[in-house]
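> requesting a structural model of the entry that follows:
(one chain, ligands or ions: 2)
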Amino acid sequence: MEEQAGVLPPQASGQVAASWARIRGRLREEVGEVEYRSWLRQMTLQGIEGDEAVILLPTRFLRDWVNSHYGDRLRALWQAECPAVRRIDIRVAQAGAARPVSLDAGPGAADGVAGARPEPAGLAESLTSRPAEMRAAEPRSDWVAPLEARFTFDSFVVGKPNEFAYACARRVAEKPASPGFNPLFLYGGVGLGKTHLMHAIAWAIREMHPARTVAYMSAEKFMYRFIAALRSQNTMEFKETLRAVDVLMIDDLQFLIGKDNTQEEFFHTFNALVDQGKQIVVSSDKPPSDLAGIEDRLRTRLGCGMVADIHATTYELRLSILEAKAAAAQVPVPLKVLELLAHKITTNVRELEGALNRLVAHANLFGRPITLESAHEVLHDLLRAHEKRVSIEEIQRKVAEHYNLRLTDMSSARRARNVARPRQVAMYLAKQLTQRSLPEIGRRFGNRDHTTVMHAVSRVAELMAQDASFAEDVALLRKMLES
Ligand code: ADP
Ligand code: MG
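Ligands and ions are numbered 1, 2, ... in the order given. Next up is the predicted model:
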């Protein structure tokens with residue numbers, strides 16, 4: 001007996017509600033409490049439209065997930081309950097849903113527009129998918145950190161120091177859990193783009209594999225969540241929730257050093273996921289082998305996939321990054337200014353960005369264009385702080401390079417003029433550009449006496465006064481070292 005498609009008698013609405021309750025109950029039994037709570041609990045039935053059951057979910061992400069994982073099952077259950085329903089349509093509930101974050105901010109949404117940073121969108125926020133009323137009664141921070149909208153592959157500038165890590169990240173995003181790339185272990189110093197790459201992987205997976213869940217969190221957050229679960233005797237939920245994701249990303253793993261319980265839990269989660277063919281991505285400031293205080297078996301497992309390091313930036317990379325960021329800010333910044341920043345701020349990309357942002361903010365605030373002068377003015381303190389960092393070794397290296405000598409000549413006993421003179425220049429520059437004392441400088445130049453350094457300093461000053469081309473040479477070296 002088939003009812004006519006498209007028409008459902010009004011008196012049926014009570015039946016529909018009852019059917020819906022049964023369907024939900026059935027699903028709950030089938031998938032289990034944890035999964036149900038994670039994904040399905042927030043479903044509401046909008047109604048029957050024609051031969052379609054219209055089901056609402058609060059986010060696009062949840063909608064996609066439910067559609068791809070439970071869509072067929074939902075349809076079958078509906079059909080069994082109510083043969084008039086032949087299809088289901090899962091939609092995102094319109095406005096009114098109490099959701100401050102823009103769920104449409106996807107990759108690329110951050111491109112362009114200066115100052116208009118889109119709000120970060122929660123990628124796997126559905127892992128927190130509790131009904132609003134429950135959330136209010138039981139305020140808990142999210143399972144998963146929100147993703148930064150501007151941290152995408154598109155906005156990541158690739159250069160020698162990071163090209164390998166970038167390629168690995170792309171590969172993992174394209175083919176999660178492929179052999180040889182699981183886990184992906186990214187490491188590198190502060191501010192070099194580890195978090196950026198991890199978020200980029202998450203965004204890309206969301207786009208290319210919308211059905212897969214990605215959980216991204218810092219190691220600290222992992223620990224905090226785990227401890228909270230222990231306290232509330234709720235570790236089952238913690239374990240199950242994490243073991244249900246397809247991609248688990250833990251940022252700054254070094255924070256787990258010495259935290260034995262948490263490490264243990266992470267180790268088991270790690271194994272469970274890898275055994276199920278799920279992808280793990282981990283970042284740290286050191287390679288696995290240097291993570292003292294991490295259990296051996298965990299360290300071994302961490303190192304058995306792909307280990308990719310992000311090296312310190314080069315001048316070229318810094319300049320490209322600045323160019324990209326200046327273009328995105330849509331504020332004209334003279335090349336000379338970008339070069340100045342790339343020369344002076346060598347520590348990491350975060351500081352580089354900070355300096356550029358300061359210039360841009362200043363220019364916007366006062367409505368004046370950015371010039372080399374204004375840059376010097378605005379960044380006065382920052383540039384000064386970076387100026388002092390010339391090391392004796394850097395001086396020796398530059399000077400040796402300039403005069404075609406080996407670095408070892410700087411501390412050798414050789415007295416030939418063509419070696420001794422450059423060595424004196426290096427000592428002179430060390431005195432001028434560093435805070436080191438004369439004895440200390442002497443020590444660094446092959447254990448020479450401080451009087452030798454004193455002599456070198458006055459000799460070079462003398463020669464500079466007599467010989468313009470020599471003076472120019474030294475000035476050039478100085479400039480290279482200072483910039
Ligand atoms: P880490 O996690 O390694 O400490 P982040 O990923 O937080 O560093 O990066 C610091 C800042 O520098 C971020 O704003 C990030 O977007 C930016 N950044 C780092 N590397 C790059 C790059 N190659 N291209 C563009 N931006 C970068
Ligand atoms: Mg980071």
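
> distance check, the residue nearest to M306 when sequence neighbours are not counted against Y166.
Nearest residue to M306 in three dimensions, chain neighbours excluded: F181, at 4.7 Å (CB to CB, 6 or more residues apart in numbering). (C-beta placed from N, C-alpha, C; glycine too.) Distance, F181 to Y166, by CB to CB, to the nearest Å: 13 Å.

> for the closest residue to ligand 1 within the stretch 1-150 of the chain, helix, strand, or coil?
For the stretch 1-150 of the chain, the residue closest to ligand 1 is R150, as judged by CB to the nearest ligand atom, at 6.6 Å. Classification of R150 by DSSP: H, G, I helix; E, B strand; the rest coil places it in coil.

> now do the phi/psi pair for it.
Here is the backbone geometry of R150 (degrees, to the nearest 10): phi -90, psi -10.

> repeat for I88
Torsion angles, degrees, to the nearest 10, at I88: phi -120, psi 150.

> same thing with I294?
I294 adopts backbone torsions of phi -110, psi 130, taken as degrees, to the nearest 10.

> just to revisit the earlier point, which of F181 and Y166 has more neighbours?
Counting neighbours by other CB atoms under 10 Å for F181 and for Y166 shows that Y166 has the greater number, 22 against 19.

> residue contacts, the more buried one?
The contact partners of Y166, by CB atoms under 8 Å, 6 or more residues apart in numbering, come to 153, 156, 158, 197.

> by neighbours, which of these wins?
Counting neighbours by other CB under 10 Å, the top entry in the contacts of Y166 is L197, with 28 neighbours.

> that's a helix at that residue, yeah?
Yes - assigned with three-state DSSP, L197 falls within a helix.

> which residue sits closest to E49, ignoring its sequence neighbours?
Nearest non-adjacent residue to E49 (CB to CB, 6+ apart): D89, at 7.5 Å.

> following the lowest-mean-pLDDT helix or strand in the chain, which helix or strand shows up next?
Least confident helix or strand, the chain: helix 132-137 with a mean of 30, by mean pLDDT, DSSP states H and E. Sequence order places helix 163-174 as the next helix or strand after helix 132-137, per DSSP states H and E.

> okay, that next one in CSV with CA atoms only?
Extracted in CSV, the C-alpha atoms of helix 163-174 (Å, rounded to 0.1, in the frame of the first residue of the first chain):
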residue,chain,number,x,y,z
GLU,A,163,59.3,23.5,1.5
PHE,A,164,59.7,19.9,2.7
ALA,A,165,57.3,20.4,5.7
TYR,A,166,54.9,22.1,3.3
ALA,A,167,55.0,19.3,0.8
CYS,A,168,54.4,16.7,3.6
ALA,A,169,51.5,18.7,5.0
ARG,A,170,49.9,19.0,1.5
ARG,A,171,50.4,15.3,1.0
VAL,A,172,48.7,14.4,4.3
ALA,A,173,45.8,16.7,3.5
GLU,A,174,45.3,15.1,0.1
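
> so for the helix or strand following that helix, mean pLDDT?
From helix 163-174 onward toward the C-terminus, using DSSP H and E, the following helix or strand is strand 184-188. The average of the pLDDT scores along strand 184-188 is 97.

> how about residues contacting strand 184-188?
162, 165, 168-169, 172, 194, 197-198, 279-288, 302-303, 305-311.

> stretch 287-303 too?
With contact meaning CB under 8 Å, 6+ apart, stretch 287-303 is reached by 183, 185, 187, 253-254, 256-258, 260, 263-264, 266-267, 270-271, 274, 282, 284, 307, 309.

> what's the answer for stretch 316-324, then?
Residues outside stretch 316-324 that contact it (CB under 8 Å, 6+ apart): 155, 157, 159-162, 313, 333, 338-339, 341-342, 345-346, 349, 352-353, 356.

> which single residue of this protein ends up nearest ligand 2?
Residue nearest to ligand 2 within the chain: T195 (3.2 Å; CB to the ion).

> now do that residue against ligand 1, distance only.
Per CB to the nearest ligand atom, to the nearest Å, T195 is found 3 Å from ligand 1.

> and the pLDDT for the residue nearest to H196 when sequence neighbours are not counted?
Using CB to CB, 6+ apart and skipping the chain neighbours, the partner closest in space to H196 is F151 (4.4 Å). With respect to pLDDT, F151 scores 96.

> swap in F255?
pLDDT at F255 comes out at 91.

> residues near it, how many?
Neighbour count of F255, defined by other CB under 10 Å: 18.

> report the contact partners of Y70.
27, 31, 39-40.

> please repeat the previous calculation with a cut-off of 10 Å.
27, 30-31, 35-36, 39-40, 43, 55, 77, 88, 90 (CB atoms under 10 Å, 6 or more residues apart in numbering).
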